[in-house]
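Peer 1: predicted coordinates and the sequence they were generated for:
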Amino acid sequence: MANKFRELFSDRKKKLLALVVEHYIMTGDAIGSKALAERMGNTISSATIRNELADLTEMGLLEQPHTSAGRVPTAQGYRFYLDHLMQSHSLAPEEKAEIDRNLDIRGGSIEELVSKAGDALSRLTMCVSISAAPFTDASLRRVELFPMSARSAVVALMTSSGMIKSRIAVLGADISSGKIFEFLRVVNGHLDGRALGDITQMDFSIIAQTLGPLAFLFSPVLDTLSDLIAETRQSEIFLKGERHLLEQADIDRAVELIRFLTSKEALAEILSLGQGETRVVMGDETGIKALGPMSVVVSEYRLGGRTAGAIGLIASPQTDYASLVPRVEYFAQALGRLIEHYSPR
């Protein structure tokens, strides 16, 4: 659509469309030809502006809510503005410093860090945030076993991204430190450095064969470890700031949307709208009926030059995207840097 219209646009039409969209963002109201003439320094007559507005309306970029009212942007008009007319604001040093301060997060796992980062972004923008921990192209760094009693132990794994997962396993017989040492030697010898997505049940069969008589004793631990690896492949996704929906949408829409967002699959679908760059996806463009007219701003963060996760916002259509987009983009970049250099303290 945007390419179809771009060549038909005079600079004056572009200016008028931008003014209509920006007025709508600020007020939520239509704007008429007289007010637009004043915005343009009265260098163009109201009659000429009315003709231009009529052309933009015929092109499907503006609409007139009432016969006597001014114009508001359509979804197509908003899209053209975002793609071709919006001038994103460069973040001032103090704005970057504010984001960096909010990302001064210490202690805990990588997942806790991403969760807190999503909370910080929600507070900064007054929007609902969705954030995903690093995707599972990570590799297994090591497995640990910490005895709790003679017949129970905490099974823990750490990935190359710094993620730590743990769970208690109950054994059917006593375990000694010597047996634990031998178990960890075999497991880490076989799995250390392996990509999580490449570890299969065949690997556990090989480990069991290598363990020999110890395989039966440590069978519950191997089952627990297998479950932990499968769980770790699924990126944790966090939702923060749901209360902001009550400010951005009517109560029925907000309640319906919050109910929809309780599904991890729904959150993953929203984050998948990002495609390697910071994107604004508006209303029907999302393909997600439950979002209604709400928009999504998604930015991916990178680790070691590769896409590792994403963070996004659910925003009202009347959002100042020129300010919001660079904030989300810088936030994602800063989060990636933080995770790359993160160590629990």
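Peer 2: The structure has been received and is ready for your questions.
Peer 1: show me where pLDDT drops low in the stretch 201-345 of the chain?
Peer 2: Within the stretch 201-345 of the chain, the segments meeting pLDDT under 70 span 234, 249, 275-276, 342-345.
Peer 1: same thing but at 80, please
Peer 2: Residues of the stretch 201-345 of the chain meeting the criterion pLDDT under 80: 231-235, 246-254, 274-277, 303-308, 341-345.
Peer 1: where do the strands sit along it?
Peer 2: Ranges of strands within the stretch 201-345 of the chain are 237-240, 279-282, 295-303, 306-315, based on DSSP state E, counting those that start in this stretch.
Peer 1: which of those sits closest to S109?
Peer 2: strand 237-240 (12.4 Å; Cβ to Cβ). Quick note: C-beta positions are derived from backbone N, CA and C, even for glycine.
Peer 1: let me know the pLDDT of the residue lying closest to I207 once chain neighbours are set aside.
Peer 2: Nearest residue to I207, sequence neighbours excluded (Cβ to Cβ, 6 or more residues apart in numbering): H190, at 5.5 Å. Looking at H190, its pLDDT stands at 95.
Peer 1: what's H190 in contact with, if anything?
Peer 2: 203, 206-207, 210 (Cβ atoms under 8 Å, 6 or more residues apart in numbering).
Peer 1: quick one on the thing from earlier: rebuild the strands of the stretch 201-345 of the chain as TSV, extending it with distance to V143 and mean neighbour count.
Peer 2: TSV is the format used below for the strands of the stretch 201-345 of the chain (distance: least, Cβ to Cβ, whole Å; neighbours: other Cβ atoms under 10 Å):
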stretch	distance to V143	mean neighbour count
strand 237-240	25	21
strand 279-282	38	21
strand 295-303	22	23
strand 306-315	22	23
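Peer 1: could you dump the ones you listed to JSON lines with distance to T27?
Peer 2: JSON lines is the format used below for the strands of the stretch 201-345 of the chain (distance: least, Cβ to Cβ, whole Å):
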{"stretch": "strand 237-240", "distance to T27": "28"}
{"stretch": "strand 279-282", "distance to T27": "19"}
{"stretch": "strand 295-303", "distance to T27": "18"}
{"stretch": "strand 306-315", "distance to T27": "17"}
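Peer 1: among those strands, which is nearest I44?
Peer 2: Nearest of those (Cβ to Cβ): strand 279-282, 29.2 Å.
Peer 1: would you mind pulling the contact partners of the closest one?
Peer 2: Contacts of strand 279-282 (Cβ under 8 Å, 6+ apart): 75, 78-79, 82, 273, 295-299, 317, 321, 325.
Peer 1: mind listing what that strand pairs with, with the direction of each?
Peer 2: Pairing partners of strand 279-282, with direction, according to DSSP bridges: strand 295-303 (antiparallel).
Peer 1: quick one: the partner strand to strand 306-315, angle?
Peer 2: 160 degrees (axes from the mean of the first three to the mean of the last three Cα atoms, to 10 degrees).
Peer 1: identify the residues contacting strand 295-303?
Peer 2: With Cβ under 8 Å, 6+ apart, strand 295-303 has contacts from 134, 161, 270-271, 273-274, 276-283, 286, 307-317, 319, 321, 324-325, 328-329, 331-333, 335-336, 339-340.
Peer 1: try stretch 33-47
Peer 2: For stretch 33-47, the surrounding residues in contact (Cβ under 8 Å, 6+ apart) are 12, 15-16, 19-20, 23, 49-50, 53, 70.
Peer 1: helices - which of those residues land there?
Peer 2: 12, 15-16, 19-20, 23, 49-50, 53 (DSSP state H).
Peer 1: take those and lay them out in a markdown table including distance to E182.
Peer 2: Formatted as a markdown table, the ones in helices among the contacts of stretch 33-47 follow (distance: Cβ to Cβ, whole Å):
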| residue | distance to E182 |
| --- | --- |
| R12 | 79 |
| K15 | 75 |
| L16 | 77 |
| L19 | 74 |
| V20 | 73 |
| H23 | 73 |
| I49 | 83 |
| R50 | 85 |
| L53 | 80 |
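Peer 1: could I have the buried ones of the residues you listed as PyMOL selection syntax?
Peer 2: Buried residues among the ones in helices among the contacts of stretch 33-47 (16 or more other Cβ atoms under 10 Å), as a PyMOL selection:
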select buried, resi 15+16+19+20+23+49+50+53
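Peer 1: can I get the ones in helices among the contacts of stretch 33-47 in JSON lines including pLDDT?
Peer 2: Listed next are these as JSON lines, based on pLDDT from 0 to 100:
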{"residue": "R12", "pLDDT": "90"}
{"residue": "K15", "pLDDT": "93"}
{"residue": "L16", "pLDDT": "95"}
{"residue": "L19", "pLDDT": "95"}
{"residue": "V20", "pLDDT": "94"}
{"residue": "H23", "pLDDT": "93"}
{"residue": "I49", "pLDDT": "93"}
{"residue": "R50", "pLDDT": "91"}
{"residue": "L53", "pLDDT": "93"}
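Peer 1: point to the residue nearest the middle of the chain.
Peer 2: I311 (2.3 Å; Cα atoms, centre = their mean).
Peer 1: can you show me the helices along the stretch 201-345 of the chain?
Peer 2: 201-211, 214-217, 219-233, 245-248, 251-260, 264-271, 321-340 (DSSP state H, counting those that start in this stretch).
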